[in-house]
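1. I would like the atomic coordinates for the input below:
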Amino acid sequence: MSKQVEQMRRMLLILNNIKQRQRISKQELLSRVNDRLYWIYGYKEIGVRTLERDLEDIESMFCVNISYDRSNNYYIIDRQSRDYDTKMAELLMNFDLLNSLGSENNLSSFVVAEHHRPQHSEWLPSLISAIKNTHPVTFTYIDYRRDNSTFPHRVEPHYLKESNQRWYLLGYEGGILKNFGVDRIRNLEILSDETFKRSMNIDVEELFKDCYGIWNDPRMPIEDIVLRFSPLDGRFIKSLPIHHSQNIIVDDEKEFRISLRLRITNDFVMELLSRSKSLEVLEPQHLRDEIREIYENAIKRNS
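-> I've put the predicted structure just below:
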């Protein structure tokens with residue numbers, strides 16, 4: 001088991017304990033983490049220095065600030081920040097994903113996991129290490145749109161983003177911010193003898209605020225969208241909104257109607273098609289036409 005995965009598991013336990021108790025003494029936190037490390041993974045105990053380093057790494061890697069107060073308690077601050085609870089839930093969920101990569105834990109005895117785990121997700125710990133230590137990386141990248149041709153890249157990695165069960169690397173290449181599907185990366189190398197100055201001015205939330213998924217083309221307009229679904233589909237969409245801009249217009253025994261505001265990318269169209277059973281596009285007209293054309297072509301192929 002790599003040291004990176006071991007550290008990720010420790011950080012998961014640290015975050016879970018602090019989040020559940022909100023205030024916990026250093027000794028109790030250390031005791032609880034060590035207890036779980038031993039009984040779940042069979043790891044050796046860690047000391048105070050390792051705990052403190054992990055707390056620093058949680059802050060630097062994931063922007064979760066954990067402070068030490070005068071009563072010798074740790075607590076998570078900045079709880080009033082925008083979408084705090086959502087961010088923490090997503091962070092812990094992603095930690096759980098990384099935590100489940102190994103096969104020696106006993107989660108399989110009570111958790112049925114999906115079997116289509118993205119390939120080459122083993123790059124994640126190495127990429128996190130490169131981001132943390134500001135080392136450039138090189139790799140070859142498979143371009144699906146160019147007949148699976150491979151191209152070399154040298155990137156300054158800044159963030160990892162998860163979208164639709166896939167991980168993406170966000171980084172600068174030639175001064176341009178780009179994203180790369182981790183599952184398409186091959187021959188990854190960390191240039192550990194080089195460093196770069198990581199830009200802290202990237203507002204990742206703002207970058208993807210007006211798009212669905214990972215693709216955000218600023219040349220595309222942000223549009224107002226109105227969709228209608230059956231009441232049954234509406235119950236699912238309410239529990240898991242399509243986009244943060246989702247606003248409920250009608251919710252009764254006849255229909256479920258929502259409005260959205262975002263860029264109409266291919267990822268978004270594909271998401272709509274996955275809800276085809278009761279979907280009706282009301283606005284804009286060009287999206288309604290595009291969905292109809294896709295349906296018509298599908299009928300021809302399957303008739």
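2. Run me through the strand neighbours of the helix or strand hosting residue 172, direction for each.
-> Assessed by DSSP states H and E, residue 172 sits inside strand 166-173. Next to strand 166-173 in the sheet, as set by DSSP bridges, lie strand 149-163 (antiparallel), strand 176-181 (antiparallel).
3. starting at the chain centroid, how far to it?
-> Relative to the chain's own centre, strand 166-173 is displaced by 11 Å; criterion: CA atoms, centre = their mean, to the nearest Å.
4. pLDDT of it, averaged?
-> Per-residue pLDDT values across strand 166-173 average out to 88.
5. circling back: could you dump the strands paired with strand 166-173 into CSV and include distance to residue 23, mean neighbour count and mean pLDDT?
-> C-beta coordinates here come from the backbone N, C-alpha and C atoms, glycine included. Shown next, in CSV, are the strands paired with strand 166-173 (distance: least, CB to CB, whole Å; neighbours: other CB atoms under 10 Å; pLDDT from 0 to 100):
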stretch, distance to residue 23, mean neighbour count, mean pLDDT
strand 149-163, 30, 16, 88
strand 176-181, 38, 15, 88
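6. okay, those strands in CSV with distance to residue 210 next?
-> Listed next are those as CSV, based on distance: least, CB to CB, whole Å:
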stretch, distance to residue 210
strand 149-163, 15
strand 176-181, 16
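7. just to revisit the earlier point, buried set for the strand holding residue 172?
-> 167-172 (16 or more other CB atoms under 10 Å).
8. ok, residue 19 to residue 41 distance?
-> Using CB to CB, to the nearest Å, we find residue 19 at a distance of 20 Å from residue 41.
9. And residue 301, by the same measure?
-> Here the criterion is CB to CB. By it, residue 301 lies 49 Å from residue 41.
10. same check, this time on residue 206
-> According to CB to CB, residue 206 stands 38 Å off from residue 41.
11. Then residue 221?
-> Residue 221 sits 50 Å away from residue 41, going by CB to CB.
12. Quick check: which ranges of the protein have low pLDDT?
-> Within the chain, the stretches with pLDDT under 70 are 1-2, 4, 60-63, 70-72, 76-121.
13. got the residue ranges for the strands in the stretch 1-150 of the chain?
-> Taking DSSP state E, counting those that start in this stretch, the strands of the stretch 1-150 of the chain run over residues 24-25, 66-68, 73-76, 137-143, 149-163.
14. Reformat these into CSV and put distance to residue 15 next to each item.
-> Below are those laid out as CSV (distance: least, CB to CB, whole Å):
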stretch, distance to residue 15
strand 24-25, 12
strand 66-68, 8
strand 73-76, 8
strand 137-143, 26
strand 149-163, 17
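15. can you give me the helices in the stretch 201-303 of the chain?
-> Applying DSSP state H, counting those that start in this stretch to the stretch 201-303 of the chain gives helices spanning 204-208, 231-239, 266-273, 285-302.
16. deepest of those, which one?
-> helix 266-273 (a mean of 15; mean count of other CB atoms under 10 Å).
17. Put the alpha carbons of that helix into PDB.
-> The C-alpha trace of helix 266-273 is given here as PDB (Å, rounded to 0.1, in the frame of the first residue of the first chain):
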ATOM      1  CA  ASN A 266     -22.500  18.100 -24.700                       C
ATOM      2  CA  ASP A 267     -22.300  16.800 -21.100                       C
ATOM      3  CA  PHE A 268     -25.500  18.600 -20.200                       C
ATOM      4  CA  VAL A 269     -27.300  17.200 -23.300                       C
ATOM      5  CA  MET A 270     -26.200  13.700 -22.400                       C
ATOM      6  CA  GLU A 271     -27.500  14.200 -18.900                       C
ATOM      7  CA  LEU A 272     -30.900  15.200 -20.300                       C
ATOM      8  CA  LEU A 273     -30.900  12.100 -22.600                       C
END
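18. residue contacts, residue 245?
-> By CB atoms under 8 Å, 6 or more residues apart in numbering, the contact set of residue 245 is 259-262.
19. nearest to residue 227, of those?
-> residue 260 (7.1 Å; CB to CB).
20. and residue 221 and residue 41? which has more neighbours close in?
-> Counted by other CB atoms under 10 Å, residue 221 and residue 41 do not tie: residue 41 has more neighbours, with 18 against 9.
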